[in-house]
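Novice: Here's my sequence, what's the structure:
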Amino acid sequence: MTDPASARTGARDPDALIARAGLRGDPNRDQHFLVDDRVLDRLPGYLPEGTDASHLLEIGAGTGALTDRLLAAADRVTAVERDPRLAAFLREEFADEIDAGRLTVIEGDALDVDLPADATASVSNLPYGVSSEIAFRLLPTGIPLVLMFQREFAERMAAEPGTPEYGRLSVTAGHYADVAVVEPVPRGAFDPAPAVESAVVRAVPRDPDYDVPDDEFFLRFVTAAFTQRRKTMRNAIRNTAHISKLDDPRAVVAAADEALMGKRAGEVTPAEFAHLSRLAWDVGEPAERE
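Specialist: Okay, here's the model as predicted:
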């Protein structure tokens with residue numbers, strides 16, 4: 001006999017979920033529910049081939065349309081939802097899956113709660129207002145990610161050097177993973193529709209093909225350079241010591257390759273940033289070495 005919960009899993013209608021929840025998404029609270037069945041059905045499939053789907057993490061579960069698809073693809077799912085009304089609805093709607101030990105609902109802000117240490121991947125329609133902070137909480141965990149962002153943000157994450165979109169976000173995201181935009185998503189796929197287009201990003205964890213002296217220092221050095229992206233690296237390094245916390249930025253400029261110092265941050269590859277950060281670590285007297 002087919003278990004009633006199993007029969008429903010993966011087939012819940014997103015509009016019916018909203019109706020049963022009795023709640024409308026509130027744009028002022030970053031609540032845009034994904035209601036396009038085709039997009040919902042595709043999202044778990046964007047995980048890299050061979051991904052361990054034994055425990056998927058979802059941030060911003062809303063009314064559970066994506067939660068339902070993830071339950072059909074995984075052994076277990078942990079769903080984080082900060083709206084108490086929606087968290088209560090998830091516990092009621094998915095009571096059978098919770099009783100079966102297949103779903104855990106965490107009520108709280110994803111930036112504050114303890115995320116499960118044994119999650120093997122995350123597929124999430126992130127709240128746009130905090131998508132950057134959540135992404136950079138997930139990226140260092142080293143698990144595959146399939147995340148929905150504002151399209152402009154997604155394209156900046158995946159941008160290559162020398163393109164207008166390339167920036168701090170591209171270098172820092174690429175430090176943790178191979179990042180690619182896998183699907184643009186129109187505004188009409190959401191209820192209520194957001195003001196901007198969206199896109200799905202896949203992040204496949206990897207070790208960078210370069211070494212850095214210290215992750216925190218490297219990311220701060222990159223951030224500092226991009227605050228003056230129209231300046232040459234020579235001037236950017238000199239002018240941003242208050243951000244990079246280099247006590248002797250001029251020593252870095254003096255020791256660096258002249259051609260590299262003539263580039264602008266948007267032209268510098270991640271490997272070149274890594275080279276400069278090692279140089280800065282050795283001769284620039286960063287705060288960490290005091």
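
Novice: any residues touching the longest helix anywhere in the chain, and which ones?
Specialist: Using DSSP state H to define each element, the chain has its longest helix at helix 270-283. For helix 270-283, contacts defined as Cβ atoms under 8 Å, 6 or more residues apart in numbering pick out 161, 171, 174-175, 208-214, 217-218, 221-222, 225, 233, 237, 244, 246, 248-249, 251-252, 255-256, 260, 263, 268, 286, 289. Placement of C-beta: from N, CA and C, glycine included.

Novice: first vs last residue of stretch 205-215, how far apart are they?
Specialist: Terminal residues of stretch 205-215 are spaced 16 Å apart (Cα to Cα, to the nearest Å).

Novice: Can you mark which positions in it are buried?
Specialist: P205, Y210, V212, P213 (16 or more other Cβ atoms under 10 Å).

Novice: List of residues touching that stretch?
Specialist: If you take Cβ under 8 Å, 6+ apart as the criterion, stretch 205-215 is touched by 139, 142-144, 174-178, 218, 270-271, 274-275, 277-278, 281-282, 288.

Novice: cool, stretch 228-247 as well?
Specialist: 167, 220-221, 223-225, 227, 249-250, 252-253, 256, 260-266, 268, 276, 280, 284-288, 290.

Novice: and that stretch, which residues are buried?
Specialist: In stretch 228-247, counting by 16+ other Cβ under 10 Å, buried: 228, 231-234, 236-241, 244-246.

Novice: Likewise for stretch 100-119?
Specialist: Applying 16+ other Cβ under 10 Å to stretch 100-119 flags R102, L103, V105, I106, E107, A110, L115, A119 as buried.

Novice: Which pair of those residues spans the longest distance?
Specialist: Among the buried residues of stretch 100-119, the pair separated by the greatest distance (Cβ to Cβ) is R102 and A110, at 20.5 Å.

Novice: Low-confidence ranges, the chain, go.
Specialist: 1-8, 289-290 (pLDDT under 70).

Novice: show me what contacts the closest residue in space to G129 that isn't next to it in sequence?
Specialist: Excluding the flanking residues, the one nearest G129 by Cβ to Cβ, 6 or more residues apart in numbering is D30, at 4.6 Å. D30 makes contact with P127, Y128, G129, V130 under the criterion Cβ under 8 Å, 6+ apart.

Novice: I'd like to know which of these are buried.
Specialist: P127, Y128, V130.

Novice: where's the residue lying closest to the first one once chain neighbours are set aside relative to F94, distance?
Specialist: With Cβ to Cβ, 6+ apart as the measure, D30 is the residue that lies nearest to P127, at 3.8 Å, once sequence neighbours are left out. With the distance defined as Cβ to Cβ, to the nearest Å, D30 ends up 22 Å from F94.

Novice: And P140, by the same measure?
Specialist: Using Cβ to Cβ, we find P140 at a distance of 29 Å from F94.

Novice: Give me the more crowded residue out of those two.
Specialist: Taking other Cβ atoms under 10 Å, P140 and F94 do not tie; F94 has more neighbours (25 against 12).

Novice: wait, isn't that one in contact with A100?
Specialist: No: assessed by Cβ atoms under 8 Å, F94 is found out of contact with A100, at 9.6 Å.

Novice: Does the one helix or strand S124 maps to pack against any helices or strands, and if so which?
Specialist: Using DSSP states H and E, S124 falls within strand 121-125. Packing contacts for strand 121-125, counted by 3 or more Cβ pairs under 8 Å, 6 or more residues apart in numbering; DSSP states H and E, involve strand 55-59, helix 65-73, strand 145-150.

Novice: Put together JSON lines for those, with mean neighbour count and distance to R20 on each row.
Specialist: What follows is the helices and strands packed on strand 121-125, written out as JSON lines (neighbours: other Cβ atoms under 10 Å; distance: least, Cβ to Cβ, whole Å):
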{"stretch": "strand 55-59", "mean neighbour count": "27", "distance to R20": "19"}
{"stretch": "helix 65-73", "mean neighbour count": "24", "distance to R20": "11"}
{"stretch": "strand 145-150", "mean neighbour count": "24", "distance to R20": "23"}
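
Novice: Take these and lay them out in CSV including distance to V123.
Specialist: Output for the helices and strands packed on strand 121-125, formatted as CSV (distance: least, Cβ to Cβ, whole Å):
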stretch, distance to V123
strand 55-59, 6
helix 65-73, 6
strand 145-150, 4
